[in-house]
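# Need coordinates for the following:
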Amino acid sequence: MARTEPGPARSGREMGELLRATRPRQWSKNLLVFAAPLLSGRFTEIAVLADAVVAFVAFTLAAAGIYLVNDVRDVEGDRLHPVKRLRPIAAGTLSARTAVWASAVLSVAALLVALISGAALVAVIAIYLAISLAYCWVLKDEPVIDIAIIASGFLLRAIAGGAAAGIELSQWFLLAASFGSLFMAAGKRYAEILQVADGEPTLRATLASYSPSYLRFVWTVSAGLLIMTYGLWAFELGEAAGGSWWYVGSMAPFVLAVLRYALDVDRGTAGEPEELALRDRTLEIFAGCWLVMVAVAVYAG
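I've put the predicted structure just below:
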């Protein structure tokens, strides 16, 4: 006679699988919401920090809901992939019905949490949910558009922190965030297409529309524009701060970080930006040096 798993144990296991399906390792991407408050010089204000935390929580909930929908949409393809087949929905340890209901609850919760900071953050979260759902069900197989939507996810995270705290975002911030987001999105696709070339299976239709040379062109152009934009921004801020060299000096670690990330993209190891940031120690050192110099420029310069 088959053993029946106790109700509490079964519920606990399902909750664990549901949590795993929301991809906690990717929650680190939501730290981008702190960029605008940090660079504005108001990060030490309790109200601003609180609003940024609200934005982080709201985006974490929203992104978790989207990951569930995405895995339901891609379940058949994931089951043929050597790594993605281990995801809870593809593995059959979490039902699609449960995932859809949980996604709806998480999305509503994200909007309610965003409401704590105001309508601006609610609008950003709503736009993210709308674009992401359109991507999951309709636009995932549209070349170029899929890269733009992936990039918009990074960009909206950067915008969310400013929207939550009522910080006016400069044109330089928006340009740098846009080009940086496109750089990471193109690098992600480049890594995926190299994996296909190495024999890994994929059912992502858009990859057949891209060539390595095209994706290399996209991330090369975006990286160049990112460096140029940041440089112009740094010189302008340095002059506004009375000739402070900290802003201009921060260009060195910033450029080195971009070049290091580009090396990882070229190697095809930038498929998951958040995981790359956690395992590339050299990239972490460059990013840390940049962060320290910018913090000194903004708060003590």
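
# Could you tell me which ranges of this structure sit under the pLDDT cut-off?
The chain contains residues with pLDDT under 70 at 1-12, 196-205, 243, 270-271, 301.

# And it, what are its domain boundaries?
Using automatic domain parsing, the domain ranges for the chain come out as 10-169, 170-301.

# and those, which is most packed in?
Mean neighbour count (mean count of other Cβ atoms under 10 Å) peaks for domain 10-169 among the domains of the chain, with a mean of 19. The way it works is simple: take the backbone N, C-alpha and C, and place the C-beta from them, glycine included.

# Ser117 touches Val54, doesn't it?
Yes: with contact defined as Cβ atoms under 8 Å, Ser117 reaches Val54; the gap is 4.8 Å.

# Find the residues that touch each one of the two.
Common contacts of Ser117 and Val54 (Cβ atoms under 8 Å, 6 or more residues apart in numbering): Ala164.

# send the alpha carbons of the helix or strand containing Leu121 over as PDB?
Using DSSP states H and E, Leu121 maps to helix 119-137. Taking C-alpha atoms only, helix 119-137 is exported to PDB below (Å, rounded to 0.1, in the frame of the first residue of the first chain):
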ATOM      1  CA  ALA A 119       1.200  56.300  -8.100                       C
ATOM      2  CA  ALA A 120       4.600  56.700  -9.900                       C
ATOM      3  CA  LEU A 121       5.900  53.400  -8.600                       C
ATOM      4  CA  VAL A 122       2.600  51.700  -9.300                       C
ATOM      5  CA  ALA A 123       2.800  52.900 -12.900                       C
ATOM      6  CA  VAL A 124       6.400  51.500 -13.300                       C
ATOM      7  CA  ILE A 125       5.400  48.100 -11.800                       C
ATOM      8  CA  ALA A 126       2.300  48.000 -14.000                       C
ATOM      9  CA  ILE A 127       4.300  48.800 -17.100                       C
ATOM     10  CA  TYR A 128       6.800  46.100 -16.200                       C
ATOM     11  CA  LEU A 129       4.000  43.500 -15.700                       C
ATOM     12  CA  ALA A 130       2.300  44.400 -19.000                       C
ATOM     13  CA  ILE A 131       5.500  44.300 -21.000                       C
ATOM     14  CA  SER A 132       6.700  41.100 -19.400                       C
ATOM     15  CA  LEU A 133       3.400  39.300 -19.900                       C
ATOM     16  CA  ALA A 134       3.300  40.400 -23.500                       C
ATOM     17  CA  TYR A 135       6.800  39.000 -23.800                       C
ATOM     18  CA  CYS A 136       5.900  35.700 -22.300                       C
ATOM     19  CA  TRP A 137       2.900  35.000 -24.400                       C
END
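
# helices or strands next to that helix in the packing?
Judged by 3 or more Cβ pairs under 8 Å, 6 or more residues apart in numbering; DSSP states H and E, the packing partners of helix 119-137 are helix 46-73, helix 96-114, helix 145-165.

# Can you tell me what sits against that helix?
With Cβ under 8 Å, 6+ apart as the criterion, helix 119-137 contacts 51, 54-55, 58-59, 62, 65-66, 69-70, 73, 107, 110-111, 114-115, 146, 149-150, 152-153, 156, 159-160, 163-164, 166.
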